[in-house]
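Engineer: structural data only, the sequence is not supplied:
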């Protein structure tokens, strides 16, 4: 085990002493905020929480991001080793298996799709020469039908943002029949500062690429082409390319409509496509911002031959349970989640071709395992059960958590809260916490008071336009009604100003996110990861102890799903 950086250990000791003082002081004053919200924790919970150790988190991160695990690819040897490691840690902690047939593993049936070299992707204008696009450099595409071959020769229809949202009085389709067509569309959503219109700057699910594909398939389209632009997507083309190269996993088809071509094109290719149709791509972007926009049938076809290697396989979610202490409430649970998968290895790529995923998301797994150990070693237990889930295939489109949401070991209506950890940077002692989406739940007053107790300022989402709430596993649980959000650091760290923290985040996104350079380093400071673990431990204990279940704020987009699950309607 790594012996640890003396500065890190000193910071840990300081933070533990400070936390102990803060919590004991809060206990003395009954831990209530100005609105009377109680955050009182029993002494046994405080003692267990204080044993959370940043060097244990470091050890987990170091192992899970080691080259030997080959980037923890979904359905690959390294990913399976990571799952076994996590299951072993759960067993060592004494947690009960919560997977299939008395095991820690919940089998997730999947299909791997790898585009073969015979695949072709051409834009065929009514006049002029065909534009044959190069894979990875100019486009990425997958066949969602899970068949070895599909042929597409269909007209391209530009549908702006590809959104139909009655609650915002927005409809890019205007009743146009797009069955059998290929839809060209923009990522993101109409820009606005009005919080009542697509939540202003904050991205909603309508802006996510997953929604675009789903809606296109529901409308009967055979294909969808997303135009990539870094400012709109919030990440560069390299992220799209790296996330859509090699094998891509899908949940085994269950009858929902899918696309023969689910694709992205580089902005330069989009320019060429527009020009071949006699249009200007810049003007097309502007036109899409109007409610009056109507679909535009282009004088261009997509001619694609999708040839795929199809590999059925099973991956695993890793599930463990700490039974609650209350005879009645133990049938309910609070859940902690973190995905263990990353992008695997690219054998065809020269140089460093292992996507180690140290920050994304070995850090979240390290935190999850340390929180699990702290709960298991506590001298007492909370009333509700605690469910720990390390899920697979997040990088493939939140697939493991989607499957978990549809097949939870405890009914979704009985899961009071999900606390998720994803990509928690080991940069030192944080002075802020981000809990974006927590304000949508009835638990937020407790969170606000607890943050003050921990001497953490709650930082609003630093990049609401990136739609982070819809890009991590908690979203899959929210979709089935479970109140859910992620816990992460803000950008202000002890000894640094916010500009420094933002610069670290920007550099990571530009140079290391979904890149082989996301690697473990011995100079990483896991003080902040431990602080987020302790904060999440305290929140989970509170949610597992309070009499009322956590719910969604009235009128929230996920409230209907909660009500539906509570009624027992599938």
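Structural biologist: Done, it's in. Note that the structure is predicted; figures quoted are calculated from it, not measured.

Engineer: quick one: end-to-end length of stretch 128-147, please.
Structural biologist: By Cα to Cα, to the nearest Å, the extent of stretch 128-147 from end to end equals 32 Å.

Engineer: what mean pLDDT would you report for that stretch?
Structural biologist: Averaged across stretch 128-147, pLDDT comes to 96.

Engineer: before we move on, what about stretch 259-268?
Structural biologist: Across stretch 259-268, the average pLDDT comes to 97.

Engineer: helix/strand/coil for residue 395?
Structural biologist: coil (DSSP: H, G, I helix; E, B strand; the rest coil).

Engineer: and it, how close does it get to residue 222?
Structural biologist: 26 Å (Cβ to Cβ, to the nearest Å). Where you see a C-beta, it was placed from the backbone N, CA and C, and this is true even at glycine.

Engineer: how about residue 448?
Structural biologist: Residue 448 sits 48 Å away from residue 222, going by Cβ to Cβ.

Engineer: which of the two has more residues huddled nearby?
Structural biologist: Neighbour count, other Cβ atoms under 10 Å: between residue 448 and residue 222, residue 222 has more, with 24 against 18.

Engineer: counting neighbours, what do you get for the nearest residue to the more buried one once chain neighbours are set aside?
Structural biologist: Distances taken as Cβ to Cβ, 6 or more residues apart in numbering place residue 260 nearest to residue 222, at 5.0 Å, with adjacent residues excluded. Each residue near residue 260 was counted by other Cβ under 10 Å, and the total is 23.

Engineer: can you pull the contacts of residue 260?
Structural biologist: By Cβ atoms under 8 Å, 6 or more residues apart in numbering, the residues touching residue 260 are 143, 144, 145, 150, 151, 152, 222, 223, 304, 306.

Engineer: which one of the residues you listed is nearest to residue 256?
Structural biologist: Set against residue 256, the nearest of the contacts of residue 260 by Cβ to Cβ is residue 144 (9.5 Å).

Engineer: near the closest one, how many residues? Count them for me, please.
Structural biologist: 23.

Engineer: quick check, it in a strand?
Structural biologist: No: residue state for residue 144 (three-state DSSP) corresponds to coil; a strand is not indicated.

Engineer: residue contacts, it?
Structural biologist: With contacts defined as Cβ under 8 Å, 6+ apart, the neighbours of residue 144 are 113, 213, 217, 250, 258, 259, 260, 262.

Engineer: and the helix or strand where residue 505 lies, which residues are buried?
Structural biologist: Assigned by DSSP states H and E, residue 505 falls within helix 498-511. For helix 498-511, a neighbour-count test (16 or more other Cβ atoms under 10 Å) marks 501, 504, 505, 508, 509 as buried.

Engineer: would you agree the second one is in contact with residue 426?
Structural biologist: In other words, residue 504. No: Residue 504 is not in contact with residue 426 according to Cβ atoms under 8 Å; the separation is 10.6 Å.

Engineer: could I get the full set of helices for the stretch 451-570 of the chain?
Structural biologist: Per DSSP state H, counting those that start in this stretch, the stretch 451-570 of the chain carries helices over the ranges 474-479, 498-511, 527-545, 559-566.

Engineer: mean confidence for the third one?
Structural biologist: Helix 527-545 comes out with an average pLDDT of 98.

Engineer: which intervals of the stretch 401-550 of the chain have sub-threshold pLDDT?
Structural biologist: Scanning the stretch 401-550 of the chain for pLDDT under 70 picks out the ranges 462.

Engineer: if we go to 90?
Structural biologist: Residues of the stretch 401-550 of the chain meeting the criterion pLDDT under 90: 460-471, 509-510.

Engineer: can you check which of the helices of the stretch 451-570 of the chain gets nearest to residue 193?
Structural biologist: With Cβ to Cβ as the criterion, residue 193 lies closest to helix 498-511 of the helices of the stretch 451-570 of the chain, at 21.0 Å.

Engineer: can you map out the helices along the stretch 101-250 of the chain?
Structural biologist: Under DSSP H, counting those that start in this stretch, the stretch 101-250 of the chain gives helices at 209-218, 230-233, 237-243.

Engineer: need the residues that contact stretch 537-555.
Structural biologist: 39, 41, 45, 48-49, 52, 324, 332-334, 336, 371, 374-375, 382-386, 416-417, 419, 439-444, 446-447, 450, 453-454, 481, 483, 487, 558-559, 562.

Engineer: note down every partner strand of the longest strand anywhere in the chain and its orientation.
Structural biologist: The longest strand of the chain (DSSP state E) is strand 296-322. Note on strand 296-322: by DSSP bridges, its sheet partners are strand 96-97 (antiparallel), strand 105-115 (antiparallel), strand 120-125 (antiparallel), strand 149-158 (antiparallel), strand 385-391 (antiparallel).

Engineer: need the contact list for residue 89.
Structural biologist: Contacts of residue 89 were listed using Cβ under 8 Å, 6+ apart, and they are 60, 369, 372, 373.

Engineer: the first one reaches residue 361, doesn't it?
Structural biologist: Think residue 60. No: in this structure, residue 60 is not within contact of residue 361 by Cβ under 8 Å, at 11.3 Å.

Engineer: among those two, which residue is more densely surrounded?
Structural biologist: residue 361 (32 against 22).

Engineer: specify the local secondary structure of that one.
Structural biologist: Assigned with three-state DSSP, residue 361 falls in the helix class.

Engineer: ditto for the one 10 residues further on
Structural biologist: Recorded secondary structure, residue 371: helix (three-state DSSP).

Engineer: residue contacts, it?
Structural biologist: Contacts of residue 371 (Cβ under 8 Å, 6+ apart): 52, 336, 388, 533, 536, 537, 540.

Engineer: counting neighbours, what do you get for the third one?
Structural biologist: Residue crowding around residue 388 was assessed by other Cβ under 10 Å; the count is 27.

Engineer: which one is residue 256 nearest to, not counting chain neighbours?
Structural biologist: Spatially, and ignoring its direct neighbours in sequence, residue 256 is nearest to residue 217 (7.5 Å; Cβ to Cβ, 6+ apart).

Engineer: just the strands from the stretch 51-200 of the chain, written as ranges.
Structural biologist: For the stretch 51-200 of the chain, the strands defined by DSSP state E, counting those that start in this stretch cover 96-97, 105-115, 120-125, 131-132, 139-142, 149-158, 164-165, 170-171, 182-186.
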